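Participant: Prediction below, plus the sequence it came from.
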Amino acid sequence: SSLTMNYFSTVGTGYWSMGNGLSDIYNGNLTLNNNSLDRIILCHNSSTNQFNGNIHITQTGSSVGTSLSWNNNTGGALASGRTITTGTYDVGYLYLQGITQTGPDAINISTTGTSQVWIGRGNGNNTNIFNGPITITAPRIWASGSTYNNNVTFNKTGAGDSNNDQRQNIFNGTVEINNT
């Protein structure tokens, strides 16, 4: 089974908040499509969320952002054999915070336009643990507090700063940083 969350909005603001108090369990593939004036937040205020399927994220229009984890000490586990990918993602932020990847599967995230990818502490004080190789291609990349137990490739494609926001990252594999 799978779950698709489509957030389309052209008037007013307001966001979708999931895992706000009690943790959520996603047993199938999860697709998040954000084409709103605001954001989608998973693991909003809970720390033991489970992602037992693949996560696929798109974001267009005037969307502010999509976040996997929001407040301090929140997050979830990505099951072994599962990954995180993006489709069309050309505006706003993507926060990956508080994610523990339990398997060695590759994660490939690619965004364009004016988007930014935050890996680690973005809005909350939440670090990640990635056990598989990870490739991030984005106009701006904020590597702000994660442990990478495999190879990492950061491909920065836009203008503006990209940095660690004074947060520690731990790299236990090869790191490749490209600025194109």
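Facilitator: Everything's here; your move.

Participant: Report pLDDT for Thr74.
Facilitator: Note on Thr74: pLDDT of 89.

Participant: Pull the contacting residues for the most centrally placed residue in the chain.
Facilitator: Nearest residue to the geometric centre of the chain (C-alpha atoms, centre = their mean): Leu96, 3.0 Å. Counting by C-beta atoms under 8 Å, 6 or more residues apart in numbering, Leu96 touches 68-69, 84, 109, 117-120, 128. C-beta here means a position set from N, CA and C on the backbone, and glycine is covered the same way.

Participant: out of those residues, which one sits closest to Ala159?
Facilitator: Val117 (15.1 Å; C-beta to C-beta).

Participant: Thr4 is in what secondary structure piece?
Facilitator: Thr4 is located in strand 2-8, with elements delineated by DSSP states H and E.

Participant: In CSV, could you pull the C-alpha coordinates for that strand?
Facilitator: The C-alpha coordinates for strand 2-8 follow below in CSV (Å, rounded to 0.1, in the frame of the first residue of the first chain):
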residue,chain,number,x,y,z
SER,A,2,1.0,3.6,-0.4
LEU,A,3,0.1,7.1,0.8
THR,A,4,0.1,10.2,-1.4
MET,A,5,-0.3,13.6,0.2
ASN,A,6,-1.1,16.3,-2.3
TYR,A,7,-1.1,19.8,-0.8
PHE,A,8,-2.4,22.3,-3.4
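
Participant: Look up how far Leu3 lies from Leu22.
Facilitator: 17 Å (C-beta to C-beta, to the nearest Å).

Participant: higher neighbour count, those two?
Facilitator: Leu3 (13 against 9; other C-beta atoms under 10 Å).

Participant: which residues does the closest residue to Thr102 other than its chain neighbours contact?
Facilitator: Spatially, and ignoring its direct neighbours in sequence, Thr102 is nearest to Ser80 (4.9 Å; C-beta to C-beta, 6 or more residues apart in numbering). Residues in contact with Ser80 (C-beta under 8 Å, 6+ apart) are 102-105.

Participant: run the last query once more with 10 Å
Facilitator: Contact analysis of Ser80 by C-beta atoms under 10 Å, 6 or more residues apart in numbering lists 52, 101-105, 131-132.

Participant: What strand or helix carries it?
Facilitator: Going by DSSP H and E, Ser80 is not part of any helix or strand.

Participant: pLDDT score assigned to Thr135?
Facilitator: Here the pLDDT value assigned to Thr135 is 98.
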